[in-house]
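Peer 1: fold the following and give me the result.
(chains A and B)
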Protein chains: 2
Amino acid sequence: MHMRTVRVAIAGFGGVGLATASLLLSRRARYREVHGVDIRLVAVCGSRAGLHDDRGLEEHQLGALEDGLSGPSFLEASGADLLIEAGPSDFRTGGPGLGYIRSALAAGRDTIVISKGALVHSGEELRQLAKRSGALMKLSGAAAAALPTIDLVDHSLKGCTVLEVEGILNATTNYLLDAMMTRGIGFDAALREAQLGGFAEADPRNDTEGWDTACKLLILANFGLYANLTMADLAVEGIQAVTSERIEAWRRKGLVPKLVGSLARTDGTFRASVGIRTYPLADPFANIRGKDKAIRIVTDAMGETIAIGSGKEPLATAAAALKDLEHILTVRAASHRAEQRASQ
Amino acid sequence: MHMRTVRVAIAGFGGVGLATASLLLSRRARYREVHGVDIRLVAVCGSRAGLHDDRGLEEHQLGALEDGLSGPSFLEASGADLLIEAGPSDFRTGGPGLGYIRSALAAGRDTIVISKGALVHSGEELRQLAKRSGALMKLSGAAAAALPTIDLVDHSLKGCTVLEVEGILNATTNYLLDAMMTRGIGFDAALREAQLGGFAEADPRNDTEGWDTACKLLILANFGLYANLTMADLAVEGIQAVTSERIEAWRRKGLVPKLVGSLARTDGTFRASVGIRTYPLADPFANIRGKDKAIRIVTDAMGETIAIGSGKEPLATAAAALKDLEHILTVRAASHRAEQRASQ
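Peer 2: Numbering: from 1, shown residues only, chains lettered A, B, ... in the order given. Purely as a prediction, here's the structure:
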């Protein structure tokens, strides 16, 4: 049997884009064996430079990009069948990812989205674009990466009505609160430590003020629960104002504070917010340490389901995006087989 | 558009079978809206009695079964397209479910298995039967019910290599150990309490000696990880010999005992066992209370993923089986659409 070739392009080539490319290349034998497809990485690009090779790029080429090879039209010309978007996230503008995703979906190309900005800014438009062109859009990497969130709602809890969701979705704030609680250091000291360790940004407000949590919550709500919320519908609070006195008061009561994104369904509509909640020590949420993440989903028929994830970045996010790839390959292979049967 | 009808039969009509029937009937509008199919419950049966109505059974009929309507040939004659098997589990013989499942799969009927016995006893034979006939066999209900286990491996962690699994998979033993640890009562007192509460059997050895955990572990290993194990490959220990002295010693060390099924991959093969492991208080496993269940899966690319489930029985198990139903409907609808497109 002739093996189908699937040509993949990656837009956004920082740590996550590179990790995704490497993991993709390392799994080519698996894709042939499990899915019967020859996966070829035909193009990658960052904001100013990229690479293109129709015969497929190899790992050793990925370190040296060529200036000028970038932008949606560069990827369009690469002949890719499938886009993985891994650029920087900006929910106020949609970020550079928006242009790449629009162009791929409009052309009917299956698209895997890792960055959150475009999905928060223009999620409904992108969903409609995909629907019209028949392209599949998957976004596990944008909805808390290796932690299963949309997966749970879409697959593991399928058929149940989701009543409530709460999630520890941001690693940086969880690390900061954890350091403040367990080691008694203040917010500023914990933040400096995280910045030196490379897991808090120089401008940390996107994490500390709750926006990153809000973005993930909104993506879960809109793409997992069809809630149709915008950022303006969310009450968003961060952890930047947490004092040592509040930390001490929680500790005395045996409570552990977490920055949590939450959704509750009332009369068929969802209310969403981001803020601090506290948990007793016996609650699994109290024991989510360091850079781990967690989600609790309450449904009508399956009660409470909790997932906790602790994958290392950027590998875990790359693996989440490539999980989406396999789900796409499975759907496409089933259609392909059915078409072949029907045409015989 | 003409709506397809899917005729469902349920074999095994105790608490879980009845809960599955009720939940199925209550979701008929959903099946029409989401999947575009008219779901009809055409037959149910227990070991000696059943009901059949080609126009579809309604909730109010389910309380009064007719003697003599039972057995694989009764269900064959009912015209069902899909079987849900919910009978008693017996891994030493395959139980009554084995005959129903064999007959359905051989005839190419998609089958949802809830009881564990047939899958442990004749799993490979059933898998081959399904493969030959093109039937789908799903078994979420048999692999720890509402707790996602095979789902995680198959879907949420897709593409990753599973290195280790450990699970608190049996509610009865978790309840007993929890009662012994938190209330200082002995094994016999805890067991009597559980029996009076209706969540331990009169003969509790299937749970307390670890066999139920072993069955679920084996099903996860063989159907989720293609491990090809038999019960003889497992070292199985239970909790029946746990003394108050051991409980007290663990408590002094700040450890919590759990009956755990575990798998570890070494050189490509899995080693499996069931026995007591202890966890420090900050480990999520230490806080799995009462009748809750949990699983921890370690993969190469996504690190550690934990799921915790606390659905109420028998509803949660019914919901797990009907999750399988929706996955089957999704696959069948995709094939159906592709065939229609190809034949146009």
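Peer 1: can you check the pLDDT for residue A:342?
Peer 2: Looking at residue A:342, its pLDDT stands at 71.
Peer 1: is it fair to say it lies in a helix?
Peer 2: Yes - when DSSP: H, G, I helix; E, B strand; the rest coil is applied, residue A:342 is found to be in a helix.
Peer 1: that one contacts residue B:343, doesn't it?
Peer 2: Yes - if you go by Cβ atoms under 8 Å, residue A:342 and residue B:343 touch, sitting 5.2 Å apart. In short, each C-beta sits where N, CA and C put it, glycine included.
Peer 1: comparing the two, which residue is more hemmed in?
Peer 2: Each of residue A:342 and residue B:343 has its neighbours counted (other Cβ atoms under 10 Å in any protein chain shown); residue A:342 has more, 15 against 9.
Peer 1: and the more buried one, what does it touch?
Peer 2: Neighbouring residues of residue A:342 by Cβ atoms under 8 Å, 6 or more residues apart in numbering or on different chains: B:338, B:339, B:341, B:342, B:343.
Peer 1: what's the helix or strand for residue A:178?
Peer 2: Secondary structure from DSSP states H and E places residue A:178 in helix A:171-183.
Peer 1: who in the stretch 151-300 of chain A is up against chain B?
Peer 2: Those residues of the stretch 151-300 of chain A that sit near chain B, judged by Cβ under 8 Å from any Cβ of the partner chain, are A:151-152, A:155-160, A:281-284, A:287, A:289, A:299.
Peer 1: could you rerun that using 7 Å?
Peer 2: For the stretch 151-300 of chain A, the residues in contact with chain B (Cβ under 7 Å from any Cβ of the partner chain) are A:151, A:152, A:155, A:156, A:158, A:159, A:160, A:282, A:284, A:287.
Peer 1: and the angle from the helix or strand of chain A with the lowest mean pLDDT to helix B:315-343?
Peer 2: Within chain A, confidence by mean pLDDT, DSSP states H and E is lowest for helix A:315-343 among all helices and strands, at a mean of 90. Going by axes from the mean of the first three to the mean of the last three Cα atoms, to 10 degrees, helix A:315-343 is angled at 50 degrees with respect to helix B:315-343.
Peer 1: returning to that earlier point: export the residues of the stretch 151-300 of chain A next to chain B as JSON lines, with columns for secondary structure and neighbour count.
Peer 2: As requested, these are exported to JSON lines (DSSP: H, G, I helix; E, B strand; the rest coil; neighbours: other Cβ atoms under 10 Å in any protein chain shown):
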{"residue": "A:151", "secondary structure": "helix", "neighbour count": "25"}
{"residue": "A:152", "secondary structure": "helix", "neighbour count": "28"}
{"residue": "A:155", "secondary structure": "helix", "neighbour count": "20"}
{"residue": "A:156", "secondary structure": "helix", "neighbour count": "28"}
{"residue": "A:158", "secondary structure": "coil", "neighbour count": "21"}
{"residue": "A:159", "secondary structure": "coil", "neighbour count": "24"}
{"residue": "A:160", "secondary structure": "coil", "neighbour count": "25"}
{"residue": "A:282", "secondary structure": "coil", "neighbour count": "12"}
{"residue": "A:284", "secondary structure": "helix", "neighbour count": "23"}
{"residue": "A:287", "secondary structure": "helix", "neighbour count": "20"}
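Peer 1: start to end distance for stretch A:65-78?
Peer 2: Length of stretch A:65-78, first residue to last, Cα to Cα, to the nearest Å: 15 Å.
Peer 1: what sits up against that stretch?
Peer 2: Outside stretch A:65-78, the residues that touch it by Cβ atoms under 7 Å, 6 or more residues apart in numbering or on different chains are A:9, A:11, A:13, A:42-43, A:45-52, A:83, A:99-100, A:103.
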